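Novice: 3D, please:
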Amino acid sequence: MTYLKLIANAAWAGAYAALLIALLFVSLDADLAGRGFASAAFLGVVVSCLLVYVPLVAIALPTLFMVVRFFAVRRLTAHWLSLKAIHWFLVVTLAGVTAACYYNLRWSASLLPPAMARALRMSSGTMAFCTVAALALAVTAQFQHGDRARRGRLMGTALLLVPLALLPALLVSQRTILTASGAAQHRVTTAGTGMPRLLLIGIDAASMDQILPLVSTQRLPAFDALLREGASARLDTVRPCAAEVAWTALLTGTPPWISGVASAWEWRLPPGTARVRAMPQGIGLGPLERLGLITRSPLGAGRRRTAALWEILAASGHEGRVIGWDDDDVVAAPKVSDDDLAAILGAGAPAGTGGGPLWSFLAEAAAGDRARFEAGLAALESPARPAAPVAVRLPGLELVSRYFLRYHEPGAFGDVTPAERETFGRVLGGYYELLDAMLGRLASAAGDDALVLVVSPHGVEPLGAVERLSRFLLRDASGIDPLASGWWRRGPDGVFILRGPGIGSGARLDDMDLVDVVPTVLFAMGLPIGRDMSGDLMRRVFEPEFLERHTVQFVPAYPRLSPESGR
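Specialist: Numbers count the residues shown, from 1 in each chain. Sure, this is the predicted structure:
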């Protein structure tokens with residue numbers, strides 16, 4: 001009976017936790033914040049949180065309390081409505097939610113508008129203060145043995161401090177104004193005679209940590225030449241990192257809350273009515289997603305509001321060819337050639353490379369990149385438009401890095417057998433060699449006077465120990481691909497390499513963000529920078545003489561996209 005009474009008291013803490021978690025959802029989702037507290041979307045999130053956290057907290061906290069009280073000398077008694085029990089359950093709940101807020105603030109800061117980040121930071125700080133103050137007053141009240149009135153006042157004050165933490169959390173309801181129609185539309189004109197041709201090569205999941213060692217052993221001559229003749233940097237990416245979100249920030253020069261692409265997924269909360277585009281971390285919802293009670297689906301195209309680099313060039317009269325980025329421009333992948341496999345695996349390729357899922361992933365990656373490379377090379381060599389910009393995306397390395405990283409870095413895993421090292425150990429380095437050959441031919445076809453930009457929005461790193469343990473313990477229910485060994489969710493640095501007229505040879509930058517790429521490239525091409533772009537012009541990329549001859553020009557904004565036209 002005592003346990004049931006504790007559950008009745010802890011249910012109030014569960015409802016309180018649900019409200020705080022609902023506000024945390026709002027603080028991480030600009031679209032949800034813009035709809036306000038009276039919207040059906042927010043009320044649906046509140047209902048979902050109540051259904052999840054009321055029973056969860058009502059059972060978990062009394063169970064934990066009973067375990068602790070098992071070792072006590074005095075017998076435990078409780079009432080169906082005990083302010084003392086409710087208070088302690090509320091304090092524990094508030095402490096847990098406060099820790100989750102701080103964790104999400106650190107984890108998702110790059111995805112939040114500054115106003116929402118400040119509101120969440122203020123809310124988290126106030127919640128932490130209320131937690132400490134309520135805990136201190138409650139502990140002090142325990143020692144007021146002879147003065148019941150004073151003990152009651154202290155406990156009452158402590159109890160009032162807990163709901164007070166909700167007030168600053170309401171700041172996250174501020175409407176985020178992100179309208180595409182409010183930006184001025186400009187068509188940019190240039191002289192057109194002195195602008196260099198642009199070759200943009202996007203390589204998914206490329207990492208300086210892998211490129212530089214391979215360059216030092218002379219296995220990547222094209223990368224080596226670009227690094228020596230141009231400028232390079234590690235790109236600070238978004239966290240948590242999703243490829244679509246990172247690519248959008250890189251190609252538009254705008255952060256996620258301006259571009260409109262802050263997530264690649266949409267989650268549906270139980271019982272299935274509430275939908276959110278940001279899933280907070282550290283709030284215990286992972287098991288529900290693995291059990292299928294929380295489902296997610298990819299967000300479709302049409303959400304991007306800001307123009308990509310090739311759309312900016314088209315607005316200034318330089319229509320180009322884009323290969324591999326848009327869904328309607330995906331090149332049909334032929335069967336992987338024996339020459340490509342030989343380039344990846346080396347002359348002494350082991351037998352048995354024709355079957356198995358790992359080899360299928362490798363063949364898929366190589367065939368797709370080969371098709372995109374051929375299309376890009378044809379566009380560069382086309383006599384009809386010899387100076388048109390060309391943008392080629394080679395996504396195959398992302399697939400290869402995901403599944404072959406453990407064999408490339410066996411020391412980070414510790415369970416790679418000698419046979420696996422012999423069979424798969426050369427694959428990732430060999431794939432870089434294949435990309436290097438493609439990169440060399442594309443750069444040569446573009447010409448020595450072209451501006452060659454090689455970028456990756458994120459790198460790759462070994463799957464975390466927690467994720468590997470989860471996969472080992474939960475098997476198919478872990479939500480992690482059993483063959484995957486590399487990932488980029490924690491945001492490993494991307495790659496920036498730029499070579500061309502006015503670019504300093506061998507320049508190395510230590511601090512460069514994704515959104516800095518487009519302003520820097522526009523200046524290199526003699527085009528004005530949009531004032532609505534959040535990135536900085538990286539002057540250290542350029543030669544001093546180039547900076548003296550060219551002035552920085554601005555336009556209020558480049559043409560924005562309607563929600564239906566953005567990709």
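Novice: Where does pLDDT dip in the stretch 351-500 of the chain?
Specialist: Along the stretch 351-500 of the chain, the model assigns pLDDT under 70 to residues 351-355, 470-481.
Novice: Strands of that one, residue ranges please.
Specialist: 390-394, 451-456, 461-462, 486-487, 494-499 (DSSP state E, counting those that start in this stretch).
Novice: ok, now the chain?
Specialist: Using DSSP state E, the strands found in the chain span residues 198-203, 231-236, 265-269, 274-276, 295-298, 321-323, 390-394, 451-456, 461-462, 486-487, 494-499, 508-513, 529-530, 554-555.
Novice: right, so of those strands, which gets closest to residue 39?
Specialist: Evaluated with Cβ to Cβ, these place strand 274-276 nearest to residue 39, the distance being 11.0 Å. For the C-beta atoms, the positions are set from N, CA and C on the backbone; glycine is no exception.
Novice: Each with direction, which strands does that closest one pair with?
Specialist: Looking at strand 274-276 with DSSP bridges, its partner strands are strand 265-269 (antiparallel).
Novice: returning to what we had before: out of the strands of the chain, which is closest to residue 62?
Specialist: Across those, the minimum distance to residue 62, taken as Cβ to Cβ, is reached by strand 265-269, at 24.9 Å.
Novice: gap between stretch 420-431 and the chain center?
Specialist: 28 Å (Cα atoms, centre = their mean, to the nearest Å).
Novice: what do you get for stretch 288-299?
Specialist: Averaging C-alpha positions (Cα atoms, centre = their mean) puts stretch 288-299 18 Å from its chain's average.
Novice: Disregarding flanking residues, what is the spatial nearest neighbour of the residue sitting nearest the centre point of the chain?
Specialist: Closest residue to the average C-alpha location of the chain: residue 241 at 1.9 Å, with Cα atoms, centre = their mean. In this structure, residue 241 finds its nearest non-sequential neighbour in residue 491, 4.2 Å apart by Cβ to Cβ, 6 or more residues apart in numbering.
Novice: what's the neighbour count on that neighbour?
Specialist: 20 (other Cβ atoms under 10 Å).
Novice: now the helices: where do they sit in the stretch 451-567 of the chain?
Specialist: All helices of the stretch 451-567 of the chain, identified by DSSP state H, counting those that start in this stretch, fall at 465-474, 517-524, 544-549.
Novice: roughly how far apart are residue 370 and residue 434?
Specialist: 8 Å (Cβ to Cβ, to the nearest Å).
Novice: what sits in contact with each of those two?
Specialist: Taking Cβ atoms under 8 Å, 6 or more residues apart in numbering as the contact rule, residue 370 and residue 434 both touch residue 340.
Novice: Thought residue 254 was touching residue 534, still the case?
Specialist: Yes: between residue 534 and residue 254 a contact is recorded at 5.7 Å, counting by Cβ atoms under 8 Å.
Novice: what residues are shared contacts of these two?
Specialist: Contacts common to residue 534 and residue 254, judged by Cβ under 8 Å, 6+ apart, are residue 515.
Novice: Neighbour count: those two, which is higher?
Specialist: residue 254 (24 against 19).
Novice: for the spatially closest residue to the more buried one that is not a sequence neighbour, phi and psi?
Specialist: Using Cβ to Cβ, 6+ apart and skipping the chain neighbours, the partner closest in space to residue 254 is residue 306 (4.6 Å). Phi and psi for residue 306, reported as degrees, to the nearest 10, are phi -110, psi 150.
Novice: how deep is residue 306 tucked in, by neighbour count?
Specialist: Neighbours of residue 306 (other Cβ under 10 Å): 29.
Novice: quick one: contacts for it?
Specialist: Per Cβ under 8 Å, 6+ apart, neighbours of residue 306: 252-254, 258-260, 532, 558, 560-561, 566.
Novice: Out of those, give me the one that has the most neighbours.
Specialist: The residue in the contacts of residue 306 with the most neighbours, by other Cβ under 10 Å, is residue 252 (33 neighbours).
Novice: doesn't residue 304 make contact with that one?
Specialist: Yes: using Cβ under 8 Å, residue 252 is in contact with residue 304, at 7.2 Å.
Novice: what touches both of these two?
Specialist: Joint contacts of residue 252 and residue 304 (Cβ under 8 Å, 6+ apart) are residue 259.
Novice: residue contacts, the residue nearest to residue 241?
Specialist: Per Cβ under 8 Å, 6+ apart, neighbours of residue 491: 110, 236-241, 458.
Novice: How about residue 488?
Specialist: If you count contacts by Cβ under 8 Å, 6+ apart, then residue 488 has 205, 237, 241, 243, 458-461 around it.
Novice: Recalculate using a threshold of 7 Å.
Specialist: Residues in contact with residue 488 (Cβ atoms under 7 Å, 6 or more residues apart in numbering) are 205, 241, 458-461.
Novice: Same question for residue 537.
Specialist: 519-520, 523, 529, 552.
Novice: Report the two of the residues you listed separated the most.
Specialist: Top of the distance list for the contacts of residue 537 (Cβ to Cβ): 520 and 552, 11.0 Å.
Novice: which of these two has more neighbours?
Specialist: residue 520 (27 against 12).
Novice: I'd assumed residue 538 was in contact with that one.
Specialist: Yes: the pair residue 520 / residue 538 is scored as a contact, 4.7 Å apart, by Cβ atoms under 7 Å.
Novice: ok, back up a step: now the contacts of residue 537 as a markdown table including pLDDT?
Specialist: Shown next, in a markdown table, are the contacts of residue 537 (pLDDT from 0 to 100):
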| residue | pLDDT |
| --- | --- |
| 519 | 96 |
| 520 | 96 |
| 523 | 95 |
| 529 | 93 |
| 552 | 93 |
